[in-house]
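Please find the sequence and the predicted model below.
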Amino acid sequence: MFDVSPSLDCAGRVLKLDRTRVMGIVNVTPDSFSDSGAHATTEAAVAHGLRLAEEGADILDVGGESTRPGAGEVPLEEELRRVIPVVERLVRGTALPVSVDTCKPEVMRAAVAAGAGMINDVCALRRDGALEAAAAQGVPVVLMHMLGEPRSMQDDPRYDDVVAEVHRFLAERIFAAELAGIPKKHLVADPGFGFGKTTAHNLALLAGLERFTELGVPVLAGLSRKRSIGEWTGRQAPAERVAGSVAAHLLAAQRGARIVRVHDVAATVDALKVWEAVAAVPAPRRD
Ligand SMILES: Nc1nc2ncc(COP(=O)(O)OP(=O)(O)O)nc2c(=O)[nH]1
């Protein structure tokens, strides 16, 4: 496994990467696939974020636009109205780093101004102005692979070699980000589970996740409650996919993921603690 930066400085709030860290999902959306609007209001989203902090999250990820397959784009003003108050309140209400899950440069700027310490961009800074906006903020950036746009990404995703092609895309986006002035120590790579991938593609990406540690930046994995977990377990309802999600994120951690993006923070924190306890035991001598 390649060495990556031991921590991420998220606008003064440090996310240490000495072990796999848990990113708690705060979707301020009426239509997210997994929590179908449970936290659509500022009050509900803030309460949820504080609860995830209590459960042991290392960072909170605030998003105002669902990226589920088929989702349409949320207008800029609406996304700002959803996201900024929640970022402000969570920055004030916890000592945790807060990331903003957005593709829009204007939301990146406003969220960092409101105290966000990381940009989580499922579009990997490909929108016009996003590279410049992210470079100007001086905070870490998650670059995620998506095939096309949420509206059409699941229509008929095809790859010759999904691991190799996603790896190449992420290497290119890391290069583009560095060219724009974002230091490599501020970059995180994410293969984008479910973003233009069949379940077979997601399986190959999870099994082959260690490949992405060769990019020389921390790897983030987000499989929480997603469709593939449902297909592997037979659990139709997202809320019933907790055990499957925890198992998938343990496997991702074993394969080098330094951040896992989850809905179910407490369960994931506990599972990682058990795994880390066992991983700390020296391998038995082979006499
Ligand atoms: N870096 C990163 N960001 C992400 N943002 C949203 C989702 C989609 O999941 P969710 O937020 O639960 O649903 P929705 O987009 O419907 O709000 N997945 C990822 C991911 O895998 N990686």
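That came through, no problem. Fair warning: this is a prediction, and the values are worked out from it, not measured in the lab.

ok and the residue in the stretch 1-150 of the chain nearest the ligand?
The stretch 1-150 of the chain approaches the ligand most closely through residue 32 (3.2 Å), counting by CB to the nearest ligand atom. The C-beta positions use only the backbone N, C-alpha and C, and glycine is treated the same way.

So which bits of the stretch 151-287 of the chain are right by the ligand?
Residues of the stretch 151-287 of the chain found near the ligand (CB under 6 Å from any ligand atom) are 190, 192-193, 220, 222, 224, 261.

Would you format these as TSV with neighbour count and distance to residue 138 included?
Below are those laid out as TSV (neighbours: other CB atoms under 10 Å; distance: CB to CB, whole Å):
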residue	neighbour count	distance to residue 138
190	27	20
192	26	25
193	26	28
220	24	20
222	30	24
224	27	29
261	25	22
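
Report the residue spans of the stretch 1-150 of the chain with pLDDT below the cut-off.
1-4, 36 (pLDDT under 70).

Please enumerate the helices of it.
Secondary structure of the stretch 1-150 of the chain (DSSP state H, counting those that start in this stretch): helices located at 42-55, 76-93, 105-113, 130-137.

list the buried ones in the first one?
Think helix 42-55. Buried residues in helix 42-55, defined by neighbour count with 16 or more other CB atoms under 10 Å: 42, 45-46, 48-50, 52-53, 55.

before we move on, what about the second one?
Within helix 76-93, the residues that qualify as buried by neighbour count (16+ other CB under 10 Å) are 79-80, 82-91.

Relative to residue 214, which of the helices of the stretch 1-150 of the chain is closest?
helix 130-137 (23.1 Å; CB to CB).

Just list what that closest one packs against, helices and strands only.
helix 105-113, strand 118-121, helix 162-179 (3 or more CB pairs under 8 Å, 6 or more residues apart in numbering; DSSP states H and E).

which of these sits most buried?
strand 118-121 (a mean of 29; mean count of other CB atoms under 10 Å).

of all the helices of the stretch 1-150 of the chain, which lies closest to residue 202?
Smallest distance to residue 202 across the helices of the stretch 1-150 of the chain (CB to CB): 24.2 Å, for helix 42-55.

quick one: the strands in this protein?
Using DSSP state E, the strands of the chain run over 7-10, 13-16, 21-27, 59-63, 98-101, 118-121, 141-144, 187-190, 219-221, 257-262.

what sits up against the shortest one?
Applying CB atoms under 8 Å, 6 or more residues apart in numbering, the contact partners of strand 219-221 are 23, 142, 144, 188-191, 193, 206, 209, 212-213, 248-249, 252, 256-261.

Smallest gap between the stretch 101-250 of the chain and the ligand, at which residue?
Closest point on the stretch 101-250 of the chain to the ligand, by CB to the nearest ligand atom, is residue 222, at 2.6 Å.
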